[in-house]
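>>> Coordinates for the following, if possible.
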Amino acid sequence: LELFPKPLDFISFVTEMENISGLMAEQKGLRFDLERLTDLPPHISVDSTRLRQVLWNLVGNATKFTKEGGVVMSVSADIHQDSAEITFEIEDTGIGIPEEELENVFAMYYQVKQGKDNLHAVGTGIGLAVSKELINLMGGDITVTSEVDFGSTFMVTINVPLVDHVEEEEAMPETKSSKSLRIFMLEDIELNVTVACSLLESLGHTVDVAMCGEDAIKQFDPTKYDLALLDIQLPDMTGFDVAKALRDKFDNLPPLIALTANLLKEKDEYFTNGMDEALSKPLSVKALTEVLEQFSMSEKKTETPRVPQEQEASSESTENDQLIECLLDLEMLESYIEIVGTKPIYANIEMFEKSMKEYIQILDTNMTARDQDGIVFETHKIKGAAGSIGLKHIQQVAQKAQSPDLPAWWENIDDWVEEIKNEYEHDIQILKSWLEQQDK
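Presented below is the predicted three-dimensional model:
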């Protein structure tokens with residue numbers, strides 16, 4: 001294994017992880033929350049493709065083996081003069097791993113098997129072994145703690161150099177294509193299909209999927225698609241074999257884009273084997289958007305007024321900026337809206353409002369009983385739920401309420417709970433008003 005570190009906009013990278021992981025969890029009806037526990041370095045030097053693969057492997061496993069509840073990723077950084085130690089923790093409420101099996105989790109061919117609900121971690125051993133090796137190359141490590149039936153927590157630490165800036169071509173694209181594309185995708189791993197489809201559909205495109213080379217050759221009709229994404233490693237043949245078969249079968253084809261977890265520095269091999277371009281897996285928003293723009297077969301692109309209008313809406317609300325900044329996680333909300341729009345946030349708000357009634361009812365009971373564990377459990381749920389819709393103020397208060405190790409916790413808990421109960425509805429109205437401005 002080899003790393004190819006380059007300057008990375010780390011803030012955008014974390015936001016992208018949050019957006020795509022959220023889409024992945026949503027496909028299974030799970031909640032995903034990302035918590036930024038400290039200030040993060042704006043720019044680092046790292047192999048972002050490999051780091052993204054490791055984190056998505058861990059988030060993918062967490063969602064795959066979690067039936068109810070959700071997944072929380074926290075990010076923190078210990079920043080020094082020229083470097084930073086960055087820590088990611090991925091915590092789930094899934095099936096867990098037996099204590100006696102934990103030491104084997106990172107063995108190359110180890111597989112955890114559990115009979116309950118037919119959930120078992122078959123096939124993840126190789127991914128974890130390679131992930132650990134990659135993180136070791138980054139000067140870090142992966143560790144795991146777990147409890148059967150309660151979930152697992154994987155901790156990833158990396159040591160990376162700090163850089164002053166990111167070259168312009170590495171920055172996230174400012175706009176996305178306004179043209180809806182019809183995309184054919186060949187991919188044999190269900191998790192990758194879920195992630196890619198969530199991302200592509202959230203960008204306004206339609207996707208048809210084949211999961212083996214033979215099916216792809218049978219199903220593919222070049223008149224129906226604007227673009228084809230072809231995985232290279234397949235169970236029955238390679239993506240190169242599929243590309244050759246399609247070129248032999250049809251005179252005119254849409255662009256064929258290779259998908260590979262091991263993108264070579266030089267792309268000549270992909271071109272000589274019938275591909276028009278190549279993308280690393282897991283897909284990054286930036287790289288995917290650039291390829292879709294490149295091959296969108298557009299006449300002249302018509303600019304939509306959305307961005308200027310958003311800027312105008314922002315200027316119109318300057319009087320409330322300070323309040324909004326205090327109450328809402330604008331960075332998370334704006335990046336989420338850029339990917340999926342405001343509609344899913346409205347749906348999440350409705351779900352949050354329903355859930356809060358139950359949370360508060362149980363919390364009141366626990367407060368009356370002075371049940372510390374119960375209070376901590378409910379406020380932990382409130383913190384995660386508030387964070388998922390960008391209610392920063394409520395999330396911060398709930399964070400204190402769920403932390404009984406804080407000094408004078410018992411003396412303050414009544415005030416914190418009252419603050420949550422009295423102010424969450426007000427904060428929701430602020431959020432709804434802010435969303436209405438984004439829709440204009």
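>>> List the buried residues of the longest helix along the chain.
When the chain is parsed with DSSP state H, its longest helix is helix 409-439. Within helix 409-439, the residues that count as buried by 16 or more other CB atoms under 10 Å are 409, 413, 416-417, 419-420, 424, 427-428, 430-431, 434-435, 437-438. Quick note: C-beta positions are derived from backbone N, CA and C, even for glycine.
>>> Can you tell me the element residue 404 falls in?
Using DSSP states H and E, residue 404 maps to neither a helix nor a strand.
>>> still on that earlier bit, and the longest helix of the chain, average pLDDT?
Averaging pLDDT along helix 409-439 gives 90.
>>> Over to stretch 25-38?
86.
>>> Just the C-alpha atoms of it, please, in CSV.
Only the C-alpha atoms of stretch 25-38 are listed here, as CSV (Å, rounded to 0.1, in the frame of the first residue of the first chain):
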residue,chain,number,x,y,z
ALA,A,25,-27.8,6.3,7.2
GLU,A,26,-31.1,7.8,5.9
GLN,A,27,-31.4,4.9,3.4
LYS,A,28,-31.7,2.6,6.4
GLY,A,29,-33.9,4.8,8.5
LEU,A,30,-31.1,5.6,10.9
ARG,A,31,-29.9,8.9,12.4
PHE,A,32,-26.4,10.1,11.7
ASP,A,33,-24.8,12.9,13.7
LEU,A,34,-21.4,14.5,13.3
GLU,A,35,-19.9,16.3,16.3
ARG,A,36,-17.0,18.7,15.9
LEU,A,37,-15.5,18.6,19.5
THR,A,38,-12.7,21.1,19.0
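>>> Contacts for that stretch next, please.
Stretch 25-38 is contacted from outside by 14, 17-18, 21-22, 24, 59, 63, 66, 68-78, 194, 198, 332, 344, 384-385, 387-388, using CB atoms under 8 Å, 6 or more residues apart in numbering.
>>> Could you turn the buried ones of those residues into a ChimeraX selection?
Remark: buried members of the contacts of stretch 25-38, expressed as a ChimeraX selection using 16+ other CB under 10 Å:
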select :14,17,18,21,22,24,59,63,66,70,71,72,73,74,75,76,77,194,198,332,344,384,385,387,388
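>>> Keep only those of the contacts of stretch 25-38 that are in strands.
The strands, defined by DSSP state E, take in 70-78 from the contacts of stretch 25-38.
>>> In a markdown table: those residues, plus pLDDT.
Formatted as a markdown table, the ones in strands among the contacts of stretch 25-38 follow (pLDDT from 0 to 100):
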| residue | pLDDT |
| --- | --- |
| 70 | 89 |
| 71 | 92 |
| 72 | 93 |
| 73 | 94 |
| 74 | 95 |
| 75 | 96 |
| 76 | 95 |
| 77 | 95 |
| 78 | 95 |
